[in-house]
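Visitor: Pasting a predicted model and its sequence here:
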Amino acid sequence: MSFSFLKEADSELYNILMREVSREHDTLELIASENFVSYPVLEMAGGVMTNKYAEGYPGKRYYGGCEFVDEAENLARDRAKKLFGADYANVQPHSGSQANMAALMTFANVGDTVMGLDLAHGGHLTHGSPVNFSGQLYNIVSYQVLKETGRVDLDAVRDLAKKNNPKVIICGGSAYPRHIEFEAFRSIADEVGAFLMADIAHPSGLVATGLHPSPMPYCDVVTTTTHKTLRGPRGGMIMMGNDKDNPWGKVAPKSGRVKQLSELIDSMVMPGIQGGPLMHIIAAKAVAFGEALKPDFKVYTQQIIDNAQTLAQELLAKEYNLVSGGTDTHLVLIDLSNKDITGKAAEKALEKAGITVNKNMVPFDNRSPFITSGIRVGTPAITTRGMGIDQMKIIVQLIDDVINDAENEDVLNRVKGDVLELCKMFPLYDRFQS
Ligand code: DSN
């Protein structure tokens, strides 16, 4: 892969691409939602299926010439079902947000009540933020974590559910370091007759390998992204453990047969909220799912967790406060309130030192989302590079050096040098280096 066509045709964009290759190689990527895909996934994502219009689903398209993209989409669906033990998978959502939009719009009408984890407590924009479609279309009742434990306050969830009778309860989030308690949420949903939707975008790779509980037996619908711990191309997906008749009795036009829930979700994805699917990305999802079905992927995901737990222990030993006191997953949420630095300043100083993280609100934060009191760190990307326990200890020391002296350019430069040395020991995309 030399990018020779791009180099010759458009040196400006080629140079931008090469600088991104170097950035990814030369820095420590600790953003919990990012990862590095394999060469085969990149090849498929950059391949000729980008040319194909294929509105519809395999065997039922609005365009000719779909025989090969049909094969790719069928493989993506079959592999997803096998990975997650699902009865149904729709691999067309362009992103996790669109997966969530299609799921919510299938199960709730505009104006219905939806419950989700507060964004500032680890939730996601699409779980009810007022600046997102979810907060604008639905009557949102947010639940939170308990201050003492940093874990979802299930008693409060039950009380809120009984008081507000939600149509849908969403469990899961984007900055929640602990296992999602699907079974407990199911019992609450059953008590109030709500649909239960799980958003497993963050831990999906861990779910696929059995290292995080599975939502399939408990949740009516499950959404995920494909590019985080699952290490596929950027995209979304919707699944169900069991396809069922829809409870609203909508019938198929010609036969009068009650539609399956899967048919309602399919038609909400396309034509409901999307048009032409990204067939190159769907095919690349199939490649990534094939990789995730191999035994090595479980070894990888176990290492992600071991690395995150080591990061947590080392941070605790240096008197960092961690939301929930640690992690069960791939991410650690650091509350910097006792460290005399904001999340924003920490993100900036770490970036200057070659360590990429994101500022993040912590539960009960008194700072705005633009400043924040915390940072979120995750291990999927550095684990893909082959880093392990010894490197985690070094990384915590480097983070600590920066946080303790964030305005000292000498310290930041010294750490940047150490980061570069570490990165050289774990090469990434070396076939792209010019
Ligand atoms: N923006 C993603 C994350 O960083 O977790 C979630 O959509």
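Guide: It's in. Everything numeric here is computed off the predicted structure, so don't read it as measured data. Numbering: from 1, shown residues only.

Visitor: chain center to the worst-scoring helix or strand of the chain on mean pLDDT, what's the gap?
Guide: In the chain, no helix or strand scores lower on mean pLDDT, DSSP states H and E than helix 4-9, which sits at a mean of 95. Put simply, helix 4-9 sits 33 Å off its chain's centre (Cα atoms, centre = their mean, to the nearest Å).

Visitor: Give the other helices and strands that that helix contacts.
Guide: Helices and strands in packing contact with helix 4-9 are listed as helix 11-26; criterion 3 or more Cβ pairs under 8 Å, 6 or more residues apart in numbering; DSSP states H and E. C-beta coordinates here come from the backbone N, C-alpha and C atoms, glycine included.

Visitor: Identify the residues contacting the residue in the stretch 51-200 of the chain positioned nearest to the ligand.
Guide: With distances taken as Cβ to the nearest ligand atom, the stretch 51-200 of the chain approaches the ligand most closely at Ser174, which sits 3.5 Å away. Taking Cβ atoms under 8 Å, 6 or more residues apart in numbering as the criterion, Ser174 is in contact with Ser33, Gly122, Gly123, His124, Ala201, His202.

Visitor: Swap in 7 Å and give it another go.
Guide: When contacts are counted by Cβ atoms under 7 Å, 6 or more residues apart in numbering, Ser174 touches Ser33, Gly122, His124, Ala201, His202.

Visitor: how many other residues sit next to Glu148?
Guide: Counted by other Cβ atoms under 10 Å, the residues lying close to Glu148 total 7.

Visitor: Pull out the buried residues from the longest helix seen in the chain.
Guide: Selection of the longest helix in the chain by residue count, based on DSSP state H, yields helix 295-317. Within helix 295-317, the residues that qualify as buried by neighbour count (16 or more other Cβ atoms under 10 Å) are 297-298, 300-301, 303-305, 307-315.

Visitor: cool, stretch 217-230 as well?
Guide: Per 16+ other Cβ under 10 Å, stretch 217-230 contains these buried residues: 218-230.

Visitor: hmm, back to that, and the residue of the stretch 51-200 of the chain closest to the ligand, that's in a strand?
Guide: No - remark: Ser174 does not belong to a strand; assigned using DSSP: H, G, I helix; E, B strand; the rest coil, it is coil.

Visitor: quick one, phi psi at it?
Guide: phi -120, psi 0 (degrees, to the nearest 10).

Visitor: tell me which parts of the stretch 51-200 of the chain are close to the ligand?
Guide: Taking Cβ under 6 Å from any ligand atom as the criterion, the stretch 51-200 of the chain approaches the ligand at residues Gly96, His124, Ser174.

Visitor: And for the host helix or strand of Ala198, what's in contact with it?
Guide: Taking DSSP states H and E as the definition, one finds Ala198 inside strand 195-199. Among residues not part of strand 195-199, those counted as contacts by Cβ under 7 Å, 6+ apart are 100, 103, 107, 124, 127, 167-172, 180, 182, 185-186, 189, 215, 218-223.

Visitor: go again using 6 Å as the cut-off
Guide: Contact partners of strand 195-199, identified using Cβ atoms under 6 Å, 6 or more residues apart in numbering, comprise 103, 107, 168-172, 185-186, 189, 215, 219-223.

Visitor: now do stretch 29-38
Guide: When contacts are defined by Cβ under 6 Å, 6+ apart, stretch 29-38 is touched by residues Lys228, Arg231, Leu331, Thr356, Val357, Asn358, Arg376, Val377, Gly378, Pro380, Ala381, Thr384.

Visitor: State the mean pLDDT of the longest helix of the chain.
Guide: In this model, helix 295-317 has a mean pLDDT of 98.

Visitor: Can you name the element that comes right after it?
Guide: That would be, after helix 295-317 and using DSSP H and E, strand 321-322.

Visitor: Note down every partner strand of that next one and its orientation.
Guide: Within its sheet, strand 321-322 is paired with strand 331-335 (antiparallel), according to DSSP bridges.

Visitor: ok so, going back, sheet-wise, list the partners of the strand holding Ala198 with their directions.
Guide: Here strand 195-199 has these sheet partners by DSSP bridges: strand 168-171 (parallel), strand 221-225 (parallel).

Visitor: Show me where the stretch 51-200 of the chain has its helices.
Guide: When secondary structure is read from DSSP state H, counting those that start in this stretch, the stretch 51-200 of the chain shows helices at 67-84, 96-107, 133-137, 154-164, 182-192.

Visitor: so Leu117 bridges to which residues?
Guide: The residues listed as beta-bridge partners of Leu117 by DSSP bridges are Tyr143.

Visitor: okay, now it: neighbour count?
Guide: The tally of other residues near Leu117 (other Cβ under 10 Å) stands at 27.

Visitor: residues in contact with it?
Guide: By Cβ under 6 Å, 6+ apart, Leu117 lies in contact with Gly123, His127, Gly173.

Visitor: The last one against Ala120, yeah?
Guide: To tie it back to what came earlier, the one meant is Gly173. No - proximity of Gly173 to Ala120 does not meet the contact threshold set by Cβ atoms under 6 Å, at 10.6 Å.

Visitor: In terms of neighbours, single out the busier of those two.
Guide: Using other Cβ under 10 Å as the criterion, Gly173 and Ala120 rank with Gly173 on top: 22 against 19.

Visitor: And the pLDDT for the more buried one?
Guide: Per-residue confidence for Gly173 comes out at a pLDDT of 97.

Visitor: do the same with Lys254
Guide: Reading off the model, Lys254 has pLDDT 89.

Visitor: so how far is the ligand from it?
Guide: Distance of Lys254 to the ligand, computed by Cβ to the nearest ligand atom, to the nearest Å: 39 Å.

Visitor: Please identify the helix or strand for that residue.
Guide: Per DSSP H and E, Lys254 falls between elements, in no helix or strand.

Visitor: contacting residues around it?
Guide: Taking Cβ under 6 Å, 6+ apart, one finds nothing in contact with Lys254.

Visitor: Leu422 now?
Guide: Neighbour list for Leu422: empty [criterion: Cβ under 6 Å, 6+ apart].

Visitor: roughly how far is stretch 60-78 from the heart of the chain?
Guide: From the chain centre to the centre of stretch 60-78 is a distance of 26 Å (Cα atoms, centre = their mean).

Visitor: Could the C-alpha coordinates of it be exported in PDB?
Guide: Written as PDB, here are the backbone C-alpha positions of stretch 60-78 (Å, rounded to 0.1, in the frame of the first residue of the first chain):
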ATOM      1  CA  LYS A  60     -34.600  -6.800  -2.500                       C
ATOM      2  CA  ARG A  61     -32.700  -3.900  -3.900                       C
ATOM      3  CA  TYR A  62     -33.800  -0.900  -5.800                       C
ATOM      4  CA  TYR A  63     -30.800  -1.200  -8.200                       C
ATOM      5  CA  GLY A  64     -29.300  -3.800 -10.500                       C
ATOM      6  CA  GLY A  65     -25.800  -5.100 -10.200                       C
ATOM      7  CA  CYS A  66     -26.100  -5.900  -6.500                       C
ATOM      8  CA  GLU A  67     -25.100  -9.600  -6.600                       C
ATOM      9  CA  PHE A  68     -21.700  -9.100  -5.000                       C
ATOM     10  CA  VAL A  69     -22.600  -6.500  -2.400                       C
ATOM     11  CA  ASP A  70     -25.500  -8.800  -1.500                       C
ATOM     12  CA  GLU A  71     -23.000 -11.500  -0.700                       C
ATOM     13  CA  ALA A  72     -20.900  -9.100   1.400                       C
ATOM     14  CA  GLU A  73     -23.900  -7.800   3.300                       C
ATOM     15  CA  ASN A  74     -25.300 -11.300   3.900                       C
ATOM     16  CA  LEU A  75     -21.900 -12.300   5.300                       C
ATOM     17  CA  ALA A  76     -21.700  -9.300   7.500                       C
ATOM     18  CA  ARG A  77     -25.200 -10.100   9.000                       C
ATOM     19  CA  ASP A  78     -24.400 -13.800   9.400                       C
END
